[in-house]
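[1] Generate a structure from the sequence data that follows.
(chains A and B)
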Amino acid sequence: MWEVTTAKMAASSAAGRVLTLCKQFQNVLRISSAINPQHCTANITKYQAHVYREKSPLVAVPFWYSPSSSAGQCRALHTTISRRGLEEFFDLPENWGEATVKSGAPWTAKQLRTKSNEDLHKLWYVLLKEKNMLLTIEQEARRQRAQMPSPERLRKVERSIIRLETTVKERETALRLLQTGQEKGRPGTWRRNMFGYVYWYRFKEYAIPWYMNKRYKRKRFYTPAFVQPHIRLRIEKHLRDKARKANREKETLMKLKKKLPHIKVPAS
Amino acid sequence: MILTLGNPQLRIFRPNWFLTLVRPGREQPPDTAQFRIPMEMTKYDVKNYLEKIYNVPVGAVRTRIQFGSNKKRNHLNQKVKQPDYKVAYVQLAQGQTFTFPDIYPEKDQVVAEGSMEEMQEKFMEDEKQRQKLDPRRGGVTEWFGL
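    Just a heads-up that it's a prediction; the model follows:
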């Protein structure tokens, strides 16, 4: 009978050892996923170039990075460490010296809105690395007085980054509105400055109240009386410039029509 | 490093900073890489950036700000400022070395048949032939009569 108990104890102790090992792995995973959330994968890219880069992302992942959400508390993030280090600042070696490099279309805001937050986070770093690479080869092209292959890639990446930023901001404002009812994270207000302009003044955190702050009191949030007439003059100047520009365009069109009467008026 | 007053410090989740690896103008030690970084970055920022995003072991980082010249003038005689930039010299840890590769090697131009490049090449060759003197003169210039 006591063989059964020893067997059971052995089994339980073995299971217990495995459990503690699992717990240690869990802790490692939790800490590592908290500290290194920024490693990126190559799984979701519009750019085909990046898919060629990380040929086997799963092989590169060491065993303790595997996405086993064991405890349920830590959100497992599947990440890939880049094994190539500083080589990632350059294109793939077969693209060196080419005249053009094929690249896909930039991400649109519509497509980005369908992605989850983790995907957007990873995509940010993918785009960041791509932009770093393009800037590096652009600078090297200027240095060597050669032509950079396909410079439009840089513009595409910049546009994608801007659209990603807008989608993330939209989500943040929506969440903030639901949670607090405030649209903006940092409080601010519309104020008039000394030159007659109304602008969005963003509040700053001070240790003392505003009536004890000498530098703040020197800032005037109203237009003094002697500035009032200049505001009207400024508006008049702006209107005059606008009218002159419109007249200039009309005159050029009239001249063109006189020279070539059969052309269609281009829609402005 | 955007230091905020009080605690906790700001954590940036989507860094908007882009590094450019450049070829060093002066001879650098073999473990040093030269970067152009945005002005707002510090040495700690560069270290964390390379370690976390690129998984590159970084030893020491030294930075300096390069002044962009304000001397040149345009056709309106206005001074044109070249932008200032910050340069970071990053020494890699664990005895790694880095040499800046040759990204634009000289490639032999293979001219395709019937293309613009081929026509241009032919035209240039014809022009050069016309510029050459009569080979029967034996290298004597046109200045000498007869």
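
[2] drop to CA atoms for contacts and neighbour counts, all remaining ones
    Will do.

[3] Now do residue B:17 against chain A, distance only.
    Applying Cα to the nearest Cα, to the nearest Å, the value for residue B:17 to chain A is 8 Å.

[4] so what's that residue closest to, chain neighbours aside?
    Distances taken as Cα to Cα, 6 or more residues apart in numbering or on different chains put residue B:38 closest to residue B:17, at 6.6 Å, once the chain neighbours are dropped.

[5] these two touch, right, the one you found and residue B:84?
    No - using Cα atoms under 8 Å, residue B:38 makes no contact with residue B:84, being 9.5 Å away.

[6] Between the two, which has more neighbouring residues?
    For residue B:38 versus residue B:84, neighbours defined as other Cα atoms under 10 Å in any protein chain shown are more numerous around residue B:38 (18 against 14).

[7] Next, the contact list for that one, please.
    Counting by Cα atoms under 8 Å, 6 or more residues apart in numbering or on different chains, residue B:38 touches B:17-19, B:85-86.

[8] hmm, back to that, can you read off the pLDDT for the residue nearest to residue B:17?
    Looking at residue B:38, its pLDDT reads 96.

[9] One more: residue A:169?
    Per-residue pLDDT puts residue A:169 at 95.

[10] Equivalent analysis for residue A:141, please.
    With respect to pLDDT, residue A:141 has a value of 94.

[11] Phi first, then psi, for it.
    Backbone dihedrals for residue A:141, given as degrees, to the nearest 10, come out at phi -60, psi -40.

[12] residues in contact with it?
    Contact partners of residue A:141, counting by Cα under 8 Å, 6+ apart, are A:147-148, B:104.

[13] same deal with residue A:227?
    Residue A:227 touches A:194-196, counting by Cα under 8 Å, 6+ apart.

[14] and it, helix, strand or coil?
    helix (DSSP: H, G, I helix; E, B strand; the rest coil).

[15] if I look at it, how far off is chain B?
    Using Cα to the nearest Cα, residue A:227 is found at 30 Å from chain B.

[16] Flag the shaky bits of the chain, pLDDT-wise.
    In the absence of a named chain, this looks at chain A. In the predicted model of chain A, residues A:1-79, A:82, A:266-268 satisfy pLDDT under 70.

[17] switch to chain B, that's the one I care about
    Where chain B drops to pLDDT under 70, the residues are B:1-5, B:111, B:114.

[18] Mind naming the longest helix for it?
    helix B:116-131 (DSSP state H).

[19] Can I get it in CSV, CA atoms only?
    Listed next in CSV are the C-alpha coordinates belonging to helix B:116-131 (Å, rounded to 0.1, in the frame of the first residue of the first chain):
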residue,chain,number,x,y,z
MET,B,116,16.9,54.3,-75.0
GLU,B,117,20.2,53.6,-73.4
GLU,B,118,21.5,51.8,-76.4
MET,B,119,20.5,54.7,-78.7
GLN,B,120,22.1,57.2,-76.4
GLU,B,121,25.3,55.1,-76.3
LYS,B,122,25.5,55.0,-80.1
PHE,B,123,24.9,58.7,-80.3
MET,B,124,27.6,59.5,-77.8
GLU,B,125,30.1,57.2,-79.7
ASP,B,126,29.3,58.9,-83.0
GLU,B,127,29.8,62.4,-81.5
LYS,B,128,33.2,61.3,-80.1
GLN,B,129,34.2,60.0,-83.5
ARG,B,130,33.3,63.3,-85.1
GLN,B,131,35.3,65.3,-82.6
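
[20] What is the distance between that helix and the centre of its chain?
    33 Å (Cα atoms, centre = their mean, to the nearest Å).
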